[in-house]
Every structure is written in structure tokens, then in C-alpha cells.
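[1] my questions are about this predicted structure, shown below with the sequence.
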Number of protein chains: 2
Amino acid sequence: MGGDAAPAMVIDGAALARERHRYLRFLMFGDESAINPLLSRHRMLRDVVEVRHTDIQVSPNDKPSQALRQGQQSSMRLAIDAVVKGDAGGVVSAGNTGALMAISKFVLKTMTGIDRPAICGFLPTLRGESVMLDLGANVECDQDNLVQFAIMGAAFARTILGLPRPTVGLLNVGEEEMKGNEAVKGAAAILNQANLPLRFHGFIEGDDIAKGTTDVVVTDGFSGNVALKTVEGTAKLFTQFLRTAFGQSVLSRLGYLLAKPSMNALRDRLDPRHHNGGVLLGLNGVSVKSHGSMDDVGFATAIGLAADMVADELIGRIIADMAQFSDSDDGAADGSQKAADEGDVEIADGRVN
Amino acid sequence: MGGDAAPAMVIDGAALARERHRYLRFLMFGDESAINPLLSRHRMLRDVVEVRHTDIQVSPNDKPSQALRQGQQSSMRLAIDAVVKGDAGGVVSAGNTGALMAISKFVLKTMTGIDRPAICGFLPTLRGESVMLDLGANVECDQDNLVQFAIMGAAFARTILGLPRPTVGLLNVGEEEMKGNEAVKGAAAILNQANLPLRFHGFIEGDDIAKGTTDVVVTDGFSGNVALKTVEGTAKLFTQFLRTAFGQSVLSRLGYLLAKPSMNALRDRLDPRHHNGGVLLGLNGVSVKSHGSMDDVGFATAIGLAADMVADELIGRIIADMAQFSDSDDGAADGSQKAADEGDVEIADGRVN
């Protein structure tokens, strides 16, 4: 029921995803009187969908704590419950980000060794795609949080991007060792020493994100959210300026017509629908957030991402990496012994990704 | 002597700036054997330049503390000394950012009421230009720092952009009051109450920078530096993708030729040389940093900015605004009584702006 164009966009997106991943089956949670008529249009899909009815849904304006306390029968809660029960391999939602994080954390629990889950997503780069986290779940992070993000992000890049030893960069205000705050300096010192299936590149800067200097960009949720939205804003500014430029004269309009196929290829490459999906990493289960404004194409991308995470056993890989890290590093072992505080839900943004 | 193409770029830039601002006169500090031959090519300029020779210069790799202690006869130090002596109205340098900040702070002193100076600069937006600070001088900021940045940034926008009551936004991970860390929440509470010549918009997000939602964007030096460089990186990514798209086929190359005048106008609008100049705000004197990779056109922009700051008495305006703020707000008065610690030079980046 979540997302601007739900539930139609969700159902059409599931149909698209099913065309690409023929093994997929769906549980859909929400108002069956809205879902069933839409579903009847998709002959292929309806045979692999089970609708579980509920009248209750989390609204976009609900506070996370409110959604958590009051919505035990909400479609979002029931969907996440299905993951922990083993009925579903993972959950995908285009609803309230804060509520999804809070309920996922409460129901699926934070992984052993992880102090705080993070939101992880893709960004287009000169070299292809990079993975960035945290995109806004934790506005303040210490060195252990950043190290854990690095381990989770690298496991994600190995699994989903198929990179055997992904490079990891720590976002900072300069490349030199003396630069930055205590958290990034401390995290760099730990990552330089640790024995992990990743190559730690060191510090990177804001312009390295688009360059694709590293496969994984690690940062706190404040800077990560600012960077993500700055990319979005700058891309829109550019697109708007380009539109103005092409419309300026008869010649430039003609030029646009001639260059149109190439321009469409460019647009395709930067299309946010192809990078959709904010993954909640650090939980004992797969939970993916689709951007609320996505259409069916974007939602299918998020479903595909969740399916890949389940098929490639991402959760197990992160657990294994955390164990390897804890064995090799006392500092990290301390971190892993801290009880993950399920009650302390700190959600930065309802509209991440 | 600072900058990749110095001193030729500095001298050519001064000549360009002098064409636009006929009242300008220059003191140039550095190696006269390098400067004089270059100067002799500029008939108009050389009559208004006094060269003050020194063999010593700050190198791009010098640590700020090192440049401060060892370089009392460096061209950078002598140029800043000239401001405090009253020989010059302001200083412009394309050299080592950290050194420029450290020496400017030491020589010019931090303004009464300001705890930490900030680096302030322009960014292109859909509506024209916005002012953003801090771009990297302070990696950690408390609420008082952010409030002071808001006051300084607004005075800058009033003076340099000619806006009578500029709008000010605090960069955050969401627009709602509950979002963000303690520093932004505290700063918002103070700015909502304060009697100041600005309109406080509240929280803004990363995509609001390019939209131009507010005239002034206030943030800590970590996020500000990340955002600034993310804009740069995304713009380069876009330009690169556009170049690829236009080169893809004969038709798209022809399209490019037809649209070229409009494309050039677009490039001009986004040209970083027209937004050049990182202003060190919060000092008792005008000190402007030019990007180290700038050519003469960019350096002339930075000179023009410094000239406007002097002509429009920006420093006096900030002092007046701080006094008005202190009178109206006890919390701020506390802040203004803190001694500005000249020794605590925290420089985030040698390549800001």
C-alpha cells in the first residue's frame, strides 16, 4: 500500500520483476478490494501471488514510533512479520522510510556485531555504479559504526555487483591522514589493519562519488543523505539547464532532434529507476525500500534487488565477514559485544532514496 | 606565487579585474624576477602594481602550522600582513588553503562574537546563485557556530548579491523539526527566535542547494565540503556523459554542431570560473581563496569579489549584525564572550573551492 502510485505501481512492478525472475512468488499485504481488481489484469502474475488482507496501513506522515506501536496489523508490519516467520524471503516497500526501518529493526532484529543498521543504495558513476551507505538512518556515527558499514557495504558489493574484492573509501574532507573528524580517522585506522575481503582505499572526497573512485562509499547518515540528495539536485539542475539550452533556438531544437537517440541513451544511463532500492543493511533479514515516487519500472528494480539479496545469501555473508573481523580484531570484538538497542530507533528521513 | 599557473595567471587575472574595476591598485608579493617580466606585458596594469619581493613562498604541501611558524617572510604572510597594516584592503591567494586560513586567522584575528571563521562560496542554482558556508574550515560545529555562519552568510548575501533580506536554510536530512543532530536543531531554535536582517527558512535538504530554495545554505564544514565536491563531481559526470552522447553517431555530432551556441551558453552558466572565490568569513579583514587550478578569468572573479567586499564594507556589516544579535539574544551573547582561540587552527582541506 506504500508509495505515491500504490497499489497499482506495486502490482505492475511485481509483474515486471516476475518477467525477469521467473522463480519469484509474492505475498501482497493490504486492501484486497484495491489489490484484486488490479491483479486480475496480470494473468501471469496472479497465479504466483497470495493476497493477505488488512485494512490498516502506515501513512507517509506517521512517526516511526507511532507506526511501530499502533500498527501491529498494518500491511507493512504484516509483510515484515512474514519475513521473520519464513513465509517470505524478504520485504520490499515504497512506504514510509522511517516506519520501515523502525519496524524492520524491531521485528527482524539487528545482526550480532552490528550496532546500528544503515541504509545502502546505488549511485551512477563514470565507471558504472557505486554503493553508498549510510544514506540517512544514523545522523551521528562513531568509528565502529563506520567500520561495520564498510564491512556490510563490501559484502553487498561482492554479492550484488559481483566484485570479488571491492574497494572501499571513507568519505572525508581531504585525502590526507590528518584530515577529518575522530570517527573517520579512527575507522580508517581500524580498516587499514583489519583482515577483510575488501580493499580499503582510504579517504575519498565528494567528487570521488561520481568518479567511481571506489566501489563502496562509506559515510555517516548525515553526510550520506546530503551527498545523495545533492547528486539528485545537481542532476535535475543540469537536466533543466540542458532543456533550456536545447529550446533556445530553431537550430538547437533541430540539433536536439538529431541527437535524440543518443540523448535518450544518456537519460537511460542516469535514470533513477535503474538505481532504485535503499537496502536496510545490518538486519537479520532482507528489507528494501523503494523510493516513494517510483513507477512500476523502479519498483521492479527494488524487487529484483531484494530477490538477488535472498538468492545470493547476503545476510549470511555479512554474518561471516563480521565473524572474521571479530576474530582478527579486538576492537571490533568489543563493538560486536555491545547489545544492539532495538528500542533506539533513529530515523533521519522519511524520503530517503 | 600560489596556484597551479602562478604567477602568470595571477598577473593576467589582475589585468582582467582592473579592466572591470578601474579603481583597483595591487600589491604583489613574490619573486620579482618572475613577476616583473610578466608584468611588463600589461601596460595598463603595471602602473597600478607595486611588487614587494620575497624569495620565500608557502608550498601546496606545507601543513598550516608549518606555514604559520616558518613562513614569516613568505609571500602569503606578507600579503596578509599588508591587510592588517592598512596597505591593502584585502588579500586574494590561489595558494595553500589551510595555510591561508591559518595565517589569516593569526594575523587578522577572529571577529568579536565569532567562535570560528568559515569558508563561504557561491554555487549555481536554478534561480541564479546561492551562498554556502562552511565549505570545509570546521569539520565539527556546534549550534552557536551554525548560528554565526547564518549571520555571516546573510550579511555576505546582502552585500555581494544585493539581497535586502536573504533567506537562510540549515542543511539537514529532512525538513521536519525532529530531524537532524543536536547542532542543527539547536541552531534552528535560536534562528527562529532571533531578530536579524534575514529570513530563516528552516531546514533544507541536499537537493535544495541546486534548486536555490534559499539564498544562503548553512552547514558544518564536513557536510558543506562533501556537498560542494559532490556538486562538482556530479557536474563533471554529466558533462562526460553528454560528451559521450554527442559523439555517439554522425547524426548526434551534427546535432551538437547545430546546438553548439546554446550549449556554450549552458557551459558559461555553469562555468566554475564565474563562481570562483572562497571567502574566509569571520575575520577582521578581507581574505579570499581562489581555487588553485583557476586560470586568469577565475582569478579575476576572486579579485572582483574581494574588491566588492572591501567597497561594500562587508566586515563592518557583519560586526553590526553580530552586535544586534548579541543585544537581542542572551545565548548568543554568551557565545560572543568566548575568546576566539587563535591557536586552534582546524583546517579541513588544502583544495577547498
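    Right, received. Where do you want to start? Numbers count the residues shown, from 1 in each chain, chains lettered A, B, ... in the order given.

[2] burial count for the closest residue to A:Tyr256 other than its chain neighbours?
    With C-beta to C-beta, 6 or more residues apart in numbering or on different chains as the measure, A:Phe246 is the residue that lies nearest to A:Tyr256, at 4.1 Å, once sequence neighbours are left out. Any C-beta I mention is one placed from the backbone N, CA and C, and that applies to glycine too. Here the count is done by other C-beta atoms under 10 Å in any protein chain shown, and A:Phe246 has 22 residues near it.

[3] do A:Leu257 as well
    A total of 14 residues lie near A:Leu257 under the criterion other C-beta under 10 Å.

[4] cool, and A:Glu19?
    Other residues near A:Glu19 come to 12 when the count uses other C-beta under 10 Å.

[5] repeat for A:Asp327
    The number of residues packed near A:Asp327 is 11, by other C-beta under 10 Å.

[6] what's the separation between the residue nearest to A:Tyr256 and A:Gly180?
    With the distance defined as C-beta to C-beta, to the nearest Å, A:Phe246 ends up 41 Å from A:Gly180.

[7] was I right about A:Pro64 contacting A:Gly98?
    Yes: the pair formed by A:Pro64 and A:Gly98 meets the contact definition of C-beta atoms under 8 Å, at 3.9 Å.

[8] where does pLDDT dip in the stretch 201-350 of chain A?
    Low-confidence regions of the stretch 201-350 of chain A, defined here as pLDDT under 70, cover residues A:329-350.

[9] between A:Pro64 and A:Gly98, which has more neighbouring residues?
    Neighbours were counted for A:Pro64 and for A:Gly98 using other C-beta under 10 Å; A:Gly98 has more, 31 against 22.

[10] per-residue pLDDT, that one?
    Note for A:Gly98: predicted pLDDT of 90.

[11] going by neighbour count, list what's buried in whichever strand or helix holds it.
    Assigned by DSSP states H and E, A:Gly98 falls within helix A:97-108. Taking 16 or more other C-beta atoms under 10 Å in any protein chain shown as the basis for neighbour counts, the residues of helix A:97-108 that come out buried are A:97-108.

[12] so is it next to chain B?
    No: in terms of C-beta under 8 Å from any C-beta of the partner chain, no part of helix A:97-108 sits within range of chain B; the closest distance is 9.0 Å.

[13] other SSEs contacting that helix?
    Helix A:97-108 is packed against helix A:64-70, helix A:75-85, strand A:278-281, strand A:286-289, with contacts defined by 3 or more C-beta pairs under 8 Å, 6 or more residues apart in numbering or on different chains; DSSP states H and E.

[14] so can I have a markdown table of the ones you listed showing distance to B:Phe200?
    A markdown table is the format used below for those (distance: least, C-beta to C-beta, whole Å):
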| stretch | distance to B:Phe200 |
| --- | --- |
| helix A:64-70 | 27 |
| helix A:75-85 | 35 |
| strand A:278-281 | 31 |
| strand A:286-289 | 31 |
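
[15] to chain B, which of these lies closest?
    Relative to chain B, the nearest member of these by C-beta to the nearest C-beta is helix A:64-70, separated by 10.1 Å.

[16] now do the SS call for A:Val139.
    Under the three-state scheme (DSSP: H, G, I helix; E, B strand; the rest coil), the conformation of A:Val139 reads as coil.

[17] quick one: pLDDT of it?
    As summarised for this prediction, A:Val139 has a pLDDT of 92.

[18] wait, it sits on B:Asn181?
    Yes: the pair A:Val139 and B:Asn181 qualifies as a contact (C-beta under 8 Å) at a distance of 4.9 Å.

[19] neighbours of A:Trp41, how many?
    Actually, residue A:41 is Arg rather than Trp. Residues contacting A:Arg41 under the criterion other C-beta under 10 Å number 12.

[20] gap between it and B:Leu27?
    Distance from A:Arg41 to B:Leu27, counting by C-beta to C-beta: 77 Å.

[21] and for A:Phe325?
    57 Å.

[22] neighbour count: the two, which is higher?
    The neighbour comparison of A:Phe325 against B:Leu27 (other C-beta under 10 Å) goes to A:Phe325, with 25 against 15.

[23] for the more buried one, list the residues it contacts.
    When contacts are counted by C-beta atoms under 8 Å, 6 or more residues apart in numbering or on different chains, A:Phe325 is found next to A:113, A:147, A:151, A:194-196, A:332.
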